[in-house]
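Novice: I need the structure of the sequence given here:
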Amino acid sequence: MTTWRRSRSGLGAVMLAVSGGAAALAASQALGAPVQGSPHTTSRSIRIPYGNPVIVRGTAPASDAGHTIVLQFARRGEAGWRQLSSSTVDAGGGFRVAAELTESGSLRALDASSGSLTPFLARGSTGGADPASRPMPVDVAARMGVPDRQISLLGGQTLQVRGRLLPARAGRKVSLQGRQAGRWQTLASARTGSAGRFLLRYVANGAGQERVRVRFAGDRLNGSANAPAGQVTVYRDAVASWYSDAGNTACGFHAHYGVANRSLPCGTTVTFRYNGRSVTATVDDRGPFVAGRDWDLNQNTAGALGFGGVGAVWSSQ
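Specialist: Prediction:
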């Protein structure tokens with residue numbers, strides 16, 4: 001049988017803080033008795049990245065110096081509390097308790113000075129603060145590890161993105177998303193393995209450029225997480241020649257890295273790739289007017305690519 005004790009003293013102001021320079025946030029300035037069977041009594045939660053310690057600082061009456069303060073945790077959706085760590089009230093009445101969380105739930109600080117972990121439950125008015133802080137919901141965001149890189153593909157090739165989601169759980173859904181028309185669109189999805197690792201595959205169709213990221217939408221255990229996966233340039237096969245643009249151009253200006261095209265609007269930027277080199281050029285002229293050729297690279301663009309004569313290149317348009 002659980003014995004509930006009263007206490008004439010109690011916790012004062014409790015602050016919840018995240019390490020790493022984040023400002024302390026008030027967990028409960030007006031402390032009250034905990035609600036039995038419902039540890040989630042406040043609606044606003046504190047968000048903590050996975051792997052960052054949570055630090056609870058607070059005050060108690062100076063007469064409580066030496067009392068044991070226990071930091072307790074209840075998993076999301078559950079009423080049972082378990083101890084994470086403990087500390088003692090110093091001579092000035094202050095205390096600091098720290099712990100690392102791997103999943104979301106609620107925290108509370110508890111005066112367990114009786115030597116047991118039996119929580120104090122205030123019954124009626126004691127004329128002072130209650131010995132347990134109000135529970136504070138904490139959302140522990142998952143951590144995503146994905147390489148952020150420049151990716152070059154030819155249309156029809158498969159983009160592969162590998163990564164890891166922590167804490168490691170099998171079967172968690174992650175999505176590869178591309179930034180299209182100002183919005184993130186899901187391109188592919190996969191599930192994590194037992195070590196949290198995943199492999200996302202997407203067949204790239206159509207030339208162009210877009211930023212990509214990996215997203216975990218969150219679940220009962222952890223909050224959402226996003227990680228940039230780089231910029232993808234999808235090319236098409238094209239035929240190019242080169243020329244010296246020393247004269248006038250049809251667009252009325254000379255781009256340092258210029259290129260001529262028969263139809264693209266002046267000022268359009270196009271990325272070219274040739275023998276492992278790439279350069280972004282601007283359409284500043286018209287041409288080539290030879291059947292079977294798509295682009296006429298100016299001398300600077302051709303030189304940057306190490307391109308000469310007439311040949312096949314990859315183009316992003």
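
Novice: give the contact list for the most centrally placed residue in the chain.
Specialist: With distances taken as C-alpha atoms, centre = their mean, Asn226 lies nearest the centre of the chain, 3.3 Å away. Residues in contact with Asn226 (C-beta atoms under 8 Å, 6 or more residues apart in numbering) are Met144, Arg213, Val214, Arg215, Phe216. C-beta here means a position set from N, CA and C on the backbone, and glycine is covered the same way.

Novice: what's in contact with the helix or strand Ala99 falls within?
Specialist: Using DSSP states H and E, the element containing Ala99 is strand 94-100. Residues outside strand 94-100 that contact it (C-beta under 8 Å, 6+ apart) are 19, 51-60, 69-71, 73, 84-89, 109.

Novice: Around Arg183, how many other residues sit close by?
Specialist: 8 (other C-beta atoms under 10 Å).

Novice: try Val234
Specialist: 21.

Novice: what's the answer for Leu165, then?
Specialist: 26.

Novice: Direction included, what does whatever helix or strand it lives in pair against?
Specialist: Using DSSP H and E, Leu165 sits in strand 158-166. Sheet pairing for strand 158-166, assigned by DSSP bridges, gives strand 143-145 (antiparallel), strand 197-203 (antiparallel).

Novice: Kindly state the pLDDT recorded for His67?
Specialist: On pLDDT, His67 comes in at 89.

Novice: Would you confirm that it contacts Pro61?
Specialist: No: using C-beta atoms under 8 Å, His67 is not in contact with Pro61; the gap is 9.3 Å.

Novice: More neighbours: which of those two?
Specialist: His67 (21 against 16).

Novice: Might you report the residue contacts of the residue nearest to that one when sequence neighbours are not counted?
Specialist: Leaving aside its chain neighbours, His67 sits nearest to Ser113 (3.7 Å; criterion: C-beta to C-beta, 6 or more residues apart in numbering). Contact analysis of Ser113 by C-beta under 8 Å, 6+ apart lists Ser7, Asp64, Gly66, His67, Thr68.

Novice: Thought Tyr243 was touching Val310, still the case?
Specialist: No: using C-beta under 8 Å as the test, Val310 is too far from Tyr243 to be in contact (11.0 Å).

Novice: Neighbour count for those two, which is higher?
Specialist: Tyr243 (16 against 13).

Novice: Can you read off the pLDDT for that one?
Specialist: 96.

Novice: same question, Gly115
Specialist: Per-residue pLDDT puts Gly115 at 47.

Novice: same deal with Pro137?
Specialist: Reported pLDDT for Pro137: 90.

Novice: tally of neighbours for it?
Specialist: 20.

Novice: Disregarding residues adjacent in the polypeptide, which is nearest to it?
Specialist: Ser45 (3.7 Å).

Novice: so how far is Pro135 from the one you found?
Specialist: 11 Å (C-beta to C-beta, to the nearest Å).

Novice: okay, these two: which has more neighbours?
Specialist: Pro135 (24 against 17).

Novice: and the gap between the more buried one and Thr102?
Specialist: From Pro135 to Thr102 the distance is 18 Å (C-beta to C-beta).

Novice: what's the neighbour count on the residue nearest to Arg262 when sequence neighbours are not counted?
Specialist: Sequence neighbours aside, Arg286 is the residue nearest to Arg262 in space, at 6.1 Å (criterion: C-beta to C-beta, 6+ apart). For Arg286, the neighbour count with other C-beta under 10 Å is 16.

Novice: quick one: Arg286 and Pro265 touch, right?
Specialist: No: using C-beta under 8 Å, Arg286 is not in contact with Pro265; the gap is 11.3 Å.
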